[in-house]
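*Asks:* model this:
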Amino acid sequence: HLLRKMLQHLQGKDLSFTAFARDTPSHRTNMDCRMHVCDVTRVDLGHGRGHLRHCIVIHLVGNRFLRRMVRVLVSTLVREASAQRMQPETFQEDALLRLAMEMDRTKTAPPAPAAGLCLAEVGYEPWPT
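*Replies:* Numbering: from 1, shown residues only. Down below sits the predicted model:
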(Lines give C-alpha, C1' and ligand atoms only; values in the text may rest on other atoms or scores of the structure.)
Protein backbone atom coordinates (compact mmCIF):
# COMPACT_ATOMS: atom_id res chain seq x y z
CA HIS A 1 0.00 0.00 0.00
CA LEU A 2 1.53 3.29 -1.13
CA LEU A 3 0.32 5.36 1.83
CA ARG A 4 1.79 2.88 4.31
CA LYS A 5 5.15 2.85 2.51
CA MET A 6 5.29 6.63 2.57
CA LEU A 7 4.42 6.91 6.27
CA GLN A 8 6.84 4.19 7.34
CA HIS A 9 9.77 6.43 6.39
CA LEU A 10 8.83 8.48 9.47
CA GLN A 11 8.50 5.55 11.88
CA GLY A 12 11.09 5.07 14.60
CA LYS A 13 13.04 8.26 13.90
CA ASP A 14 13.46 11.33 16.08
CA LEU A 15 12.54 14.11 13.67
CA SER A 16 11.55 17.73 13.81
CA PHE A 17 7.93 17.95 12.71
CA THR A 18 8.11 21.73 12.28
CA ALA A 19 6.89 21.44 8.69
CA PHE A 20 3.74 19.65 9.85
CA ALA A 21 2.88 21.91 12.82
CA ARG A 22 0.58 24.93 12.69
CA ASP A 23 -0.09 27.75 15.15
CA THR A 24 2.86 26.70 17.28
CA PRO A 25 4.11 29.50 19.55
CA SER A 26 7.26 31.11 18.15
CA HIS A 27 9.14 30.64 21.43
CA ARG A 28 8.83 26.87 21.14
CA THR A 29 12.13 25.46 19.96
CA ASN A 30 11.82 21.69 20.41
CA MET A 31 9.61 20.31 17.66
CA ASP A 32 11.10 16.80 17.73
CA CYS A 33 8.72 13.86 17.84
CA ARG A 34 9.16 10.12 17.47
CA MET A 35 6.51 8.20 15.58
CA HIS A 36 6.39 4.70 17.07
CA VAL A 37 3.67 3.42 14.73
CA CYS A 38 2.69 4.69 11.26
CA ASP A 39 0.21 2.36 9.64
CA VAL A 40 -2.59 2.49 7.09
CA THR A 41 -5.49 0.08 6.79
CA ARG A 42 -8.36 0.02 4.33
CA VAL A 43 -11.75 -0.77 5.85
CA ASP A 44 -15.26 -1.03 4.48
CA LEU A 45 -17.95 0.46 6.70
CA GLY A 46 -21.67 -0.21 6.41
CA HIS A 47 -23.42 2.91 5.20
CA GLY A 48 -27.19 2.37 5.28
CA ARG A 49 -29.19 0.01 3.08
CA GLY A 50 -26.28 -2.40 2.79
CA HIS A 51 -24.01 0.04 0.98
CA LEU A 52 -20.35 0.01 1.90
CA ARG A 53 -18.22 3.08 2.32
CA HIS A 54 -14.53 2.51 1.60
CA CYS A 55 -12.37 4.22 4.21
CA ILE A 56 -8.72 4.50 5.07
CA VAL A 57 -7.65 4.32 8.70
CA ILE A 58 -4.34 6.00 9.48
CA HIS A 59 -2.97 4.79 12.80
CA LEU A 60 -0.30 6.99 14.37
CA VAL A 61 1.37 6.46 17.73
CA GLY A 62 3.97 8.97 18.84
CA ASN A 63 5.74 10.22 21.90
CA ARG A 64 4.00 13.57 21.33
CA PHE A 65 2.04 15.48 18.72
CA LEU A 66 2.30 19.15 17.80
CA ARG A 67 -0.66 21.41 17.13
CA ARG A 68 -2.47 20.28 13.96
CA MET A 69 0.43 17.94 13.15
CA VAL A 70 -1.73 14.90 12.40
CA ARG A 71 -4.12 16.84 10.17
CA VAL A 72 -1.27 18.40 8.16
CA LEU A 73 0.55 15.06 7.96
CA VAL A 74 -2.55 13.31 6.61
CA SER A 75 -3.35 16.02 4.04
CA THR A 76 0.27 16.11 2.87
CA LEU A 77 0.32 12.31 2.64
CA VAL A 78 -2.77 12.37 0.40
CA ARG A 79 -1.35 15.20 -1.71
CA GLU A 80 1.97 13.43 -2.23
CA ALA A 81 0.35 10.07 -2.98
CA SER A 82 -1.94 11.75 -5.51
CA ALA A 83 1.09 13.33 -7.17
CA GLN A 84 2.45 9.83 -7.71
CA ARG A 85 -0.49 9.05 -9.97
CA MET A 86 -0.14 12.32 -11.86
CA GLN A 87 3.66 12.37 -12.22
CA PRO A 88 5.06 8.90 -11.47
CA GLU A 89 8.47 9.80 -12.90
CA THR A 90 9.07 12.45 -10.20
CA PHE A 91 7.47 10.61 -7.27
CA GLN A 92 9.61 9.97 -4.21
CA GLU A 93 8.41 7.37 -1.71
CA ASP A 94 10.27 9.19 1.07
CA ALA A 95 8.58 12.54 0.31
CA LEU A 96 7.22 12.95 3.86
CA LEU A 97 10.64 12.30 5.39
CA ARG A 98 12.21 14.82 3.02
CA LEU A 99 9.60 17.44 3.94
CA ALA A 100 10.18 16.81 7.65
CA MET A 101 13.91 17.26 7.19
CA GLU A 102 13.42 20.53 5.28
CA MET A 103 11.36 21.96 8.18
CA ASP A 104 9.54 24.34 5.80
CA ARG A 105 5.83 24.77 6.58
CA THR A 106 5.17 26.33 3.18
CA LYS A 107 5.92 23.01 1.47
CA THR A 108 3.30 20.95 3.33
CA ALA A 109 -0.43 20.91 2.66
CA PRO A 110 -3.04 22.79 4.70
CA PRO A 111 -4.57 20.81 7.58
CA ALA A 112 -7.11 18.15 6.64
CA PRO A 113 -10.61 18.72 8.04
CA ALA A 114 -11.02 17.54 11.61
CA ALA A 115 -14.09 15.45 10.68
CA GLY A 116 -13.13 11.80 10.99
CA LEU A 117 -10.17 12.47 13.28
CA CYS A 118 -10.35 10.30 16.36
CA LEU A 119 -8.11 10.28 19.41
CA ALA A 120 -8.25 6.68 20.53
CA GLU A 121 -6.03 6.67 23.58
CA VAL A 122 -3.55 8.66 25.65
CA GLY A 123 -0.82 6.78 27.47
CA TYR A 124 2.04 7.77 29.69
CA GLU A 125 3.97 4.55 29.89
CA PRO A 126 7.22 4.34 27.90
CA TRP A 127 6.83 2.79 24.45
CA PRO A 128 8.52 -0.62 24.22
CA THR A 129 11.65 -0.53 22.10
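*Asks:* can you give me how far the longest helix that the chain contains is from the chain middle?
*Replies:* The residue-count maximum for a helix in the chain (DSSP state H) belongs to helix 69-86. From the chain centre to the centre of helix 69-86 is a distance of 8 Å (C-alpha atoms, centre = their mean, to the nearest Å).
*Asks:* now stretch 63-72
*Replies:* Computed by C-alpha atoms, centre = their mean, the chain-centroid distance of stretch 63-72 equals 8 Å.
*Asks:* Show me where this protein has its helices.
*Replies:* 2-7, 69-86, 95-102.
*Asks:* Show me the one of those that comes nearest V43.
*Replies:* With C-beta to C-beta, the closest approach to V43 among the helices of the chain belongs to helix 2-7: 13.3 Å. Every residue, glycine included, has its C-beta placed from N, CA and C.
*Asks:* for the record, mean pLDDT for the closest one?
*Replies:* Per-region confidence: helix 2-7 scores 92 on mean pLDDT.
*Asks:* Could you do stretch 116-129 as well?
*Replies:* If you average the pLDDT over stretch 116-129, you get 83.
*Asks:* Residues touching it, excluding its own?
*Replies:* For stretch 116-129, the external contacting residues (C-beta atoms under 8 Å, 6 or more residues apart in numbering) are 36, 61, 63, 70-71.
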